[in-house]
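Colleague: Sequence and predicted structure below; questions after.
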Amino acid sequence: MNITSPLAAVGRQVLAMLALIGQVSIYAAQTVSHLLRPPFYGREFLHALVQIGWLSLPVVGMTTLFTGGALALQIYAGGARFNAEAVVPSIVAIGMVRELGPVLGGLMVAARVASSIAAEIGTMKVTEQIDALVTLSTHPMKYLTLPRVLAATLAVPVLVGVGDVIGIMGGYLVGITRLDFNAATYMKNTIDFLETFDVVSGLIKGAAFGFIVALMGCFYGMNSGRGAQGVGRATKSAVVAASVLIFAANYLLTELFFSA
């Protein structure tokens, strides 16, 4: 066995990853550049806005509701060790709007939307519908990618904002029903300790996560292999890539906003 074979295998994987990063970066730059050039397909944009935003609201709402309640229980149990149970409202609010709301919202949208977009566009490629668009002088990126990416970038921050409110209410309901908090005191502590930039930073994260989710769905859909297996691999890769990039972007944005 050649001793350099394992190193060569690692090298091939690294080169493939770097090539993939380059392809995604070029694809993202092309998507943004098309935003400034006509035509713009408003009907496709509105359809994507409903599919990504409105129809994702139930799953995001349920996720943040139970997360807010569980977070309140955990913080109360931890705070009780230091006689600091009173911090529950403020930490639930800050944790939801800064981290859990954007990240969980982004992941739920990634699971629902990135897979759907990749499967839809991948199927269009397999059935040669994308080739038909080119034949009809319709740019696939402007017709398929741009409306979805723009819709996700605008819709996910709204979902994050709604999810933040629902998550805080989940903590509030648990606090007053299970942890014997006074309702007025709980809400006062939530409002007093929550700053405007906490909310704004979460919404900015939501926009970045929405862009990532739709971009990954479109990219892997456009580069789907032939046949059912190719579409299946594209769908899986889109969800995995979107989820990993959401965590990476979350760290980078948190470092940018709160490192000082």
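Modeller: Everything's here; your move.

Colleague: And the helices in the stretch 1-150 of the chain?
Modeller: Here the stretch 1-150 of the chain has its helices, by DSSP state H, counting those that start in this stretch, at 5-34, 42-52, 57-79, 88-95, 101-109, 115-126, 129-135, 140, 146-177.

Colleague: Compare those helices and give me the one nearest Met222.
Modeller: With Cβ to Cβ as the measure, helix 115-126 is the member of the helices of the stretch 1-150 of the chain nearest Met222 (6.0 Å). Heads up, the C-betas are built off the backbone N, CA and C, glycines and all.

Colleague: Can you pull out the residues in contact with that closest one?
Modeller: Contact partners of helix 115-126, identified using Cβ atoms under 8 Å, 6 or more residues apart in numbering, comprise 51, 130, 144, 148, 214, 216-218, 220-222, 224, 226-227, 230-231, 234-235, 237-239.

Colleague: ChimeraX command for the buried members of those residues?
Modeller: To isolate the buried members of the contacts of helix 115-126 in ChimeraX, using 16 or more other Cβ atoms under 10 Å:
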select :51,130,144,148,214,216,217,218,220,221,222,224,230,231,234,235,237,238,239
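
Colleague: Among the contacts of helix 115-126, name the ones in strands.
Modeller: Per DSSP state E, strands hold no members of the contacts of helix 115-126.

Colleague: Is Thr145 in contact with Ser33, as I believe?
Modeller: No - with contacts defined as Cβ atoms under 8 Å, Thr145 does not count as touching Ser33, sitting 11.5 Å away.

Colleague: When the two are compared, which one has more neighbours?
Modeller: With neighbours defined as other Cβ atoms under 10 Å, Thr145 and Ser33 compare such that Thr145 has more, 25 against 11.

Colleague: For that one, which residues are in contact?
Modeller: In this structure, Thr145 makes contact with Thr31, His34, Ala214, Leu215, Cys218, Met222, judged by Cβ under 8 Å, 6+ apart.

Colleague: Mind doing that once more with 7 Å?
Modeller: With contacts defined as Cβ atoms under 7 Å, 6 or more residues apart in numbering, Thr145 is in contact with Thr31, Cys218.

Colleague: Excluding chain neighbours, what is closest to the residue positioned nearest the centre of the chain?
Modeller: Compute the mean C-alpha point of the chain, and by Cα atoms, centre = their mean the closest residue is Gly106, 2.4 Å away. Once its chain neighbours are removed from consideration, Gly106 has its nearest residue in Phe209; the separation is 3.3 Å (Cβ to Cβ, 6 or more residues apart in numbering).

Colleague: Pull the contacting residues for that neighbour.
Modeller: When the contact criterion is Cβ under 7 Å, 6+ apart, the partners of Phe209 are Pro102, Gly106, Val156, Ile246, Ala249.

Colleague: Looking at these, spot the one nearest Leu194.
Modeller: Comparing every one of these with Leu194 (Cβ to Cβ), the shortest separation belongs to Pro102, at 14.9 Å.

Colleague: Now the nearest residue to the closest one once chain neighbours are set aside: which helix or strand?
Modeller: Beyond its immediate neighbours in the sequence, the residue positioned closest to Pro102 (Cβ to Cβ, 6+ apart) is Lys205, lying 3.9 Å away. Assigned by DSSP states H and E, Lys205 belongs to helix 196-222.

Colleague: Pull out the buried residues from that helix.
Modeller: For helix 196-222, the buried set under the neighbour-count rule, 16+ other Cβ under 10 Å, comprises 198-199, 201-222.

Colleague: Right, I'll leave it there.
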